[in-house]
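S.K.: What would the 3D arrangement of this be:
(chains A, B, C and D)
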2 protein chains.
Amino acid sequence: MSLSTLDVTTPQAIMHSADCPKVSQVLARVGDKWSVLIIMMLSNGTRRFSDLKRDIGGISQRMLTICLRGLERDGLVERTVYPVVPPKVEYALTDLGRSLCVPVKALGTWALTHTAEIEAARAAFDAKTED
Amino acid sequence: MSLSTLDVTTPQAIMHSADCPKVSQVLARVGDKWSVLIIMMLSNGTRRFSDLKRDIGGISQRMLTICLRGLERDGLVERTVYPVVPPKVEYALTDLGRSLCVPVKALGTWALTHTAEIEAARAAFDAKTED
DNA sequence: CCGAATCCCTTGCGATACTG
DNA sequence: CAGTATCGCAAGGGATTCGG
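M.R.: Here you go, the predicted model:
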């Protein structure tokens, strides 16, 4: 990976090539549709497995398990098991997870703000290419 | 998709369930490893196809083409073809693309800031699970 | 109720070869 | 130089079943 030109025009110019792999990992997490949804759900407070599955709607329990494990592994989500029958497991954001919400929501805000432009660009592009 | 509980505690509470699919599309773009790298490269100025391929390093020309097309379709990148031989094509960020850099870099900054915590969390998690 | 394990199909993506 | 086309593997992810 030669990304020597990557920083530059950045305000504080803090992006260096050596950090790119690590940054990419975080971006991959954010790019994961389900992970972001889970984080947003948990930003509203602690939730149980079934609650998440039901409220997200459309996710398989398999993917929910996998995503939660990944988020837990990265220290973004905390998993608490209550040794009762039937089992009860609660998921909550950690401080790290909450801090991630800030830039993620900034991105969400950008998306909402520029949705119209993007869709217009797509329509124009598609119109040009289908002739 | 029932995401009725998704907004809530948000500062300005501007996230609504109806907007989620659109937001997800943007997040998917950002999650795409190559797209973000391309955007960062172009934030340093206009570049040619081969320059991007060489400087990014590790991307196949197939993926580069596909990603650039996607970015162009979304109005983030502008493609300029010079009708000369040999062919010359330049890529540059649009205003929309440049505005996207802001929240993306914010995320990058977050990633850099918290890399150590994430790696520590992973190490701790892996240590606990492999016993 | 929470989650692990298996099956199986679809998709992503790299490698390679070919055009204008 | 800047793509397009085809192939083939490997990962992603849904459905289902079993276990604690």
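
S.K.: Could you look up the SS state of the closest residue to DNA strand C within chain A?
M.R.: Distances between chain A and DNA strand C by Cβ to the nearest atom of the strand are smallest at residue A:50, namely 2.9 Å. Using the backbone N, CA and C atoms, a C-beta is placed for each residue, glycine as well. Assigned with DSSP: H, G, I helix; E, B strand; the rest coil, residue A:50 falls in the helix class.

S.K.: Buried residues in the least confident helix or strand in chain A by mean pLDDT, which are they?
M.R.: The helix or strand of chain A with the lowest confidence, counting by mean pLDDT, DSSP states H and E, is helix A:20-31 at a mean of 83. For helix A:20-31, the neighbour count (16 or more other Cβ atoms under 10 Å in any protein chain shown) marks A:20, A:22, A:23, A:24, A:25, A:26, A:27, A:29, A:30, A:31 as buried.

S.K.: separation between the second one and residue A:119?
M.R.: Taking Cβ to Cβ, to the nearest Å as the measure, residue A:22 falls 33 Å from residue A:119.

S.K.: Report the distance from the helix or strand residue A:120 falls within to the chain centre.
M.R.: Element membership for residue A:120 (DSSP states H and E) is helix A:95-129. Taking Cα atoms, centre = their mean, to the nearest Å, one finds the center of helix A:95-129 at 13 Å from the center of the full chain.

S.K.: Are it and chain B in contact anywhere?
M.R.: Yes - counting by Cβ under 8 Å from any Cβ of the partner chain, chain B is contacted by helix A:95-129 at A:96, A:99-100, A:102-112, A:114-115, A:117-118, A:120-122, A:124-126.

S.K.: Skipping its backbone neighbours, what lies nearest the residue of chain A found nearest chain B in space?
M.R.: Closest contact between chain A and chain B, by Cβ to the nearest Cβ, is at residue A:31 (0.8 Å). By the measure of Cβ to Cβ, 6 or more residues apart in numbering or on different chains, the closest residue to residue A:31 outside its immediate chain neighbours is residue B:31, 0.8 Å from it.

S.K.: check contacts around the one you found.
M.R.: Contact analysis of residue B:31 by Cβ atoms under 8 Å, 6 or more residues apart in numbering or on different chains lists A:27, A:28, A:29, A:30, A:31, A:32.

S.K.: how about the residues of chain A near DNA strand C?
M.R.: Listed as neighbours of DNA strand C in chain A under the rule Cβ under 7 Å from any atom of the strand: A:48-50, A:61-62, A:65, A:68-69, A:79, A:81, A:86-89.

S.K.: Out of these, which are close to DNA strand D?
M.R.: Filtering those for neighbours of DNA strand D using Cβ under 7 Å from any atom of the strand leaves A:61, A:62, A:86, A:87.

S.K.: Go through these and flag which are in helices.
M.R.: A:61, A:62 (DSSP state H).
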